[in-house]
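Q: Structure of the sequence below:
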Amino acid sequence: MTDHEAPVSVGRPPPIIRTACIVLVVVGFGTVMLSAPAVADAAGARCHLSRTWIDDANTDNKTWNNVDTGGRKGKDLPCADAIRLAGQIRLKEKGTSTATVPGEVALRIQASLASLMGLGQGISGVLVLRRLSRRARSAAIAFSAFGIVLRVLGIISLVAFVFVVYAFAFSPAGKELWGKEPT
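A: Numbering: from 1, shown residues only. Have a look, this model is predicted:
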């Protein structure tokens, strides 16, 4: 093996890059942990979603979107009743449009996509940490952006995206590691 074929040794990444990688791994793990139950039990997730919507509608200060549960809380309703009643929640005060509870397949697909995105975030964070390659950095930024679209962790995903983009693309350490791409 000649010198130019030898593997390039990767030093310890700068602190901001390490922190961004750890944020990606934590956010990715959290996303998988929150999405996996819906993949495994979509019917249960649909019931839980319906019950939550009913409780939210009945406990807010808007009387126009309340549904009659017969005096029971959402968690005490049978699944079929919860889904039926959640479909009666009005979306606007003036109008007839009501909430639509997503089906089991739709919930399973969305949760599966979120789990894959979370895995991608975690894996790309580890790859950036270990290899410091431009390809891993680009994947990490892309998976972080997908986190905003799927909104599993809400504002946490947005904060993670902003921090990862800053650390990898705009920070002095990121510019030093991955400066301009050679042409």
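Q: Tell me the pLDDT of the residue nearest the centre of the chain.
A: Centroid check for the chain by CA atoms, centre = their mean gives residue 152 as the closest residue, at 3.1 Å. For residue 152, the pLDDT comes out at 85.
Q: Would you list the phi and psi of it?
A: The phi and psi values for residue 152, taken as degrees, to the nearest 10, are phi -70, psi -40.
Q: ranges for the helices of the chain?
A: Taking DSSP state H to define them, one finds helices in the chain at 15-40, 42-59, 79-86, 104-131, 134-150, 155-165, 172-178.
Q: can you list those helices in TSV and add distance to residue 71 and mean neighbour count?
A: Where you see a C-beta, it was placed from the backbone N, CA and C, and this is true even at glycine. Formatted as TSV, these follow (distance: least, CB to CB, whole Å; neighbours: other CB atoms under 10 Å):
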stretch	distance to residue 71	mean neighbour count
helix 15-40	29	19
helix 42-59	11	19
helix 79-86	13	19
helix 104-131	29	19
helix 134-150	37	19
helix 155-165	35	18
helix 172-178	58	15
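Q: can you pull the contacts of residue 157?
A: Counting by CB atoms under 8 Å, 6 or more residues apart in numbering, residue 157 makes contact with 27, 31, 144, 147, 148, 150, 151.
Q: Let's have the residues you listed in TSV, adding distance to residue 172.
A: Formatted as TSV, the contacts of residue 157 follow (distance: CB to CB, whole Å):
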residue	distance to residue 172
27	24
31	29
144	20
147	25
148	25
150	31
151	31
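Q: I'd like to know which of the residues you listed is nearest to residue 134.
A: The closest of those to residue 134 turns out to be residue 144 (CB to CB; 15.6 Å).
Q: who's in contact with residue 108?
A: Applying CB under 8 Å, 6+ apart to residue 108 gives the contacts 38, 39, 42.
Q: my guess is residue 129 contacts residue 18, does it?
A: Yes - judged on CB atoms under 8 Å, residue 129 makes contact with residue 18 at a distance of 6.6 Å.
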